[in-house]
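# I'll drop the sequence and a predicted model, then ask my questions.
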Amino acid sequence: MQAILDAIEAGELDARIAVVLSDNPDAFILERARKNGIDAEVIDCRGFRTKFPEEAQKEVAATLKAAGVELVCLAGFMRLVKRPLLEVFPQRILNIHPALLPAYPGLHAWEQAVEDGAKESGCTVHFVDEGMDTGPVILQEAVPVLPDDTAETLHARIQVVEHRLYPEAIRRVMATL
């Protein structure tokens, strides 16, 4: 969120963050949003750790619509989005993933790249569909895996690229709305 907010404040992205939602009540993003005067709310996932219940998705869709949201940008949201949220925001939900999809979907992609001895990794901004990191790619950028990389050093370099790539992908998608 901070990279997107920075791009907006720098005039590089003509957008407004209407609301920030998190399924983690302790997530720093909620505090960061509130400090920037942005409405921030916790998603009630009914006690499920990984499932995103349909009722919760309906509530999220209603909250987003009420806030005037046109484009939903996920970051660090580790639940599969299904109907009805996808129906309310068709081809308007983006996600950023720390790998060059379709390689390494799911959790800890940077760790998988290092463990596999991959020569490159990177990040992908994609549209969200009902699969795990399977939606159409909007932008990708490679990051080399260096011989002395650890999962942590690779992840740190990928995050630098993510912070630049996500606002650019948002700008491109918004130009088509």
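Perfect, thanks for sending it.
# going by C-alpha atoms from here, please, whenever you check contacts or count neighbours.
Fine.
# so what touches the longest helix anywhere in the chain?
If you go by DSSP state H, the chain has its longest helix at helix 151-174. For helix 151-174, the external contacting residues (C-alpha atoms under 8 Å, 6 or more residues apart in numbering) are 3-4, 7, 13-14, 71, 96, 98, 110-111, 114, 121-123, 125, 138-141, 143, 145-146.
# what do you get if the cut-off is 6 Å, keeping everything else the same?
Residues outside helix 151-174 that contact it (C-alpha atoms under 6 Å, 6 or more residues apart in numbering) are 3-4, 110-111, 122.
# take those and keep only those in helices.
Short answer: the contacts of helix 151-174 in helices (DSSP H) are 3-4, 110-111.
# filter these to the buried ones?
Burial by neighbour count, 16 or more other C-alpha atoms under 10 Å: within the ones in helices among the contacts of helix 151-174 this picks out 4, 110.
# make a markdown table from the ones in helices among the contacts of helix 151-174 and add pLDDT and distance to residue 150 to it.
Putting those into a markdown table (pLDDT from 0 to 100; distance: C-alpha to C-alpha, whole Å) gives the following:
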| residue | pLDDT | distance to residue 150 |
| --- | --- | --- |
| 3 | 96 | 24 |
| 4 | 97 | 27 |
| 110 | 97 | 9 |
| 111 | 97 | 8 |
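# how about the secondary structure of residue 56?
helix (DSSP: H, G, I helix; E, B strand; the rest coil).
# tell me who's in contact with it.
Under the criterion of C-alpha under 6 Å, 6+ apart, the contact partners of residue 56 comprise residue 45.
# switch to 8 Å and redo it
Neighbours of residue 56 in contact, by C-alpha under 8 Å, 6+ apart: 43-46.
# now the strands for this protein?
Chain-ordered strands for the chain, with DSSP state E as the definition, fall at 19-22, 39-42, 72-74, 93-97, 120-127, 137-144.
# want to try TSV for those, with mean pLDDT and mean neighbour count as columns?
What follows is those, written out as TSV (pLDDT from 0 to 100; neighbours: other C-alpha atoms under 10 Å):
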stretch	mean pLDDT	mean neighbour count
strand 19-22	98	20
strand 39-42	98	17
strand 72-74	98	20
strand 93-97	98	24
strand 120-127	98	24
strand 137-144	98	18
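# among these, which is nearest residue 31?
Using C-alpha to C-alpha as the criterion, the shortest distance between residue 31 and those is 7.8 Å, found for strand 39-42.
# may I have that closest one as PDB, with CA atoms only?
Presented in PDB, the C-alpha positions along strand 39-42 are these (Å, rounded to 0.1, in the frame of the first residue of the first chain):
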ATOM      1  CA  ASP A  39     -10.700   4.300   6.200                       C
ATOM      2  CA  ALA A  40      -9.400   0.900   7.400                       C
ATOM      3  CA  GLU A  41     -11.500  -2.100   8.400                       C
ATOM      4  CA  VAL A  42     -11.000  -5.700   9.300                       C
END
